[in-house]
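Asker: fold the following.
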Amino acid sequence: LAAADTFRAAAADQLATWAERLGVPVVRQGPGADPGAVIYDAVTSAQARGVDLVLADTAGRMHTKENLVRELAKVDRVARSRIQEGAYKRVLVIDATTGQNALRQAEVFAQAVGVDSIVLAKYDSTAKGGIVLSICRDLQIPFSFVGTGEKPDALEPFDPEAFLDSLLGEA
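Answerer: Just a heads-up that it's a prediction; the model follows:
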């Protein structure tokens, strides 16, 4: 795990707790560190250890904060420079309770760095996550997983048929 959210207080500590629970290493730096440097260090560490997967947690970025979106673009450049083509995926986590704002967020992120897939978080809430339809239709970005809780096993593959059944009240 790469603790590249150096903006939010205690974000690296939270990720370190999850790393400990899951028994995986975490690469982190101090608060306010350059997120690109964290990604560089995490990829270098993974390559040295023969690890095939690095999951990077970056700061939540409101699409209205241009400086944070530019920072994300820098993180993307660092990752692309260290990881062979085809092995790097950009996954956007969308909060199911966000509503129409999620579409704008996905548009900005797709334009800034590209988005390979989306995870719909907080799908276990009262929100139906209907924004999935607009994002898939308008941006052609697939959803890969839905988060249905706060435990490691609460991430499920996205099932379009089950999602539509639930959205339409047929499940």
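
Asker: for the rest of this, base every contact and every neighbour count on C-alpha atoms.
Answerer: Fine.

Asker: where exactly do the helices run in the chain?
Answerer: With DSSP state H as the criterion, the chain has helices at 11-22, 35-49, 66-82, 101-112, 131-139, 160-167.

Asker: tabulate these (a markdown table), appending distance to Gly60.
Answerer: Output for these, formatted as a markdown table (distance: least, C-alpha to C-alpha, whole Å):
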| stretch | distance to Gly60 |
| --- | --- |
| helix 11-22 | 10 |
| helix 35-49 | 12 |
| helix 66-82 | 9 |
| helix 101-112 | 11 |
| helix 131-139 | 19 |
| helix 160-167 | 25 |
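
Asker: would you convert the ones you listed into JSON lines that also reports mean pLDDT?
Answerer: Below are the helices of the chain laid out as JSON lines (pLDDT from 0 to 100):
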{"stretch": "helix 11-22", "mean pLDDT": "93"}
{"stretch": "helix 35-49", "mean pLDDT": "95"}
{"stretch": "helix 66-82", "mean pLDDT": "88"}
{"stretch": "helix 101-112", "mean pLDDT": "89"}
{"stretch": "helix 131-139", "mean pLDDT": "89"}
{"stretch": "helix 160-167", "mean pLDDT": "84"}
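
Asker: nearest to Asp124, of those helices?
Answerer: Checking the helices of the chain against Asp124 by C-alpha to C-alpha gives helix 160-167 as the closest, at 11.4 Å.

Asker: report the distance from the closest one to the chain centre.
Answerer: What separates the centre of helix 160-167 from the centre of its chain is 22 Å, taken as C-alpha atoms, centre = their mean, to the nearest Å.
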